[in-house]
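Visitor: okay, predicted coordinates and the sequence, questions at the end:
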Amino acid sequence: MAYAYDDQNIFAKILRGEIPNKTVLETEHTLAFEDIRPQAPVHVLVIPKGPYVTYDHFCEAASDAEIVDFSRAVAAVCKMMGVTADIGEGCRFISNAGEHGVQEVPHYHLHVLGGRWMGRMLAKAE
Ligand code: 5GP
């Protein structure tokens, strides 16, 4: 089944300006903003402005320009937040997808988490 995008999701509303956000960076195709329930001192969500549900959907359906813009925006956010692994102390990139990935908001987003040690990659499933 092809991905169906629900334009009533919370990030679509943020992109339309219907809900406020604490913007970290905005580019032509990408928005980065602070997570409302931060799980680390740095917790930024980076989203494409286009209607993509998951990372794989974005990779398959987005234009080259959108993918490049998004990737460069991620790099810029990491630099701005001081969490690059060269000068800073690194970070964790997470992108949840679908039911098993425990995705809450069905608009593709990359979590950038940093400012503390992140622990092992996966906790034991409960
Ligand atoms: P997911 O579980 O889908 O990977 O992550 C969704 C994230 O969106 C969660 O970390 C949650 O705190 C965040 N979030 C949910 N609603 C809002 C909102 O209205 N504003 C912001 N800034 N973040 C939100």
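Guide: Perfect, I can see it now.
Visitor: going forward, measure contacts between C-alpha atoms and count neighbours the same way
Guide: Noted.
Visitor: count of neighbours near the spatially closest residue to residue 55 that is not a sequence neighbour?
Guide: Computed as CA to CA, 6 or more residues apart in numbering, the closest residue to residue 55 that is not its neighbour in sequence is residue 108, at 5.8 Å. Each residue near residue 108 was counted by other CA atoms under 10 Å, and the total is 25.
Visitor: for residue 108, what are its contacts?
Guide: For residue 108, the contacting residues are 47, 48, 52, 53, 54, 55, 58, 95, by CA atoms under 8 Å, 6 or more residues apart in numbering.
Visitor: so how far is residue 117 from residue 107?
Guide: 27 Å (CA to CA, to the nearest Å).
Visitor: neighbour count: those two, which is higher?
Guide: Using other CA under 10 Å as the criterion, residue 107 and residue 117 rank with residue 107 on top: 26 against 12.
Visitor: smallest distance to the ligand belongs to which residue of this structure?
Guide: residue 104 (3.4 Å; CA to the nearest ligand atom).
Visitor: so that residue, which of the three states?
Guide: coil (DSSP: H, G, I helix; E, B strand; the rest coil).
Visitor: next one: residue 24
Guide: Secondary structure, three-state DSSP: residue 24 is strand.
Visitor: doesn't residue 42 make contact with it?
Guide: No: using CA atoms under 8 Å, residue 24 makes no contact with residue 42, being 11.2 Å away.
Visitor: the two: who's more crowded?
Guide: The neighbour count for residue 24 versus residue 42, taken as other CA under 10 Å, is higher for residue 42 (20 against 16).
Visitor: where in the chain is pLDDT low?
Guide: 1, 125-126 (pLDDT under 70).
Visitor: can you do 90?
Guide: Scanning the chain for pLDDT under 90 picks out 1, 121-126.
Visitor: where do the helices sit along it?
Guide: 10-15, 55-61, 64-81 (DSSP state H).
Visitor: up against the ligand, what does this structure have?
Guide: 10, 21, 34, 35, 36, 37, 95, 96, 102, 103, 104, 105 (CA under 6 Å from any ligand atom).
Visitor: please pick the buried ones from those.
Guide: The neighbour-count criterion (16 or more other CA atoms under 10 Å) marks 10, 34, 35, 95, 96, 103, 105 among those as buried.
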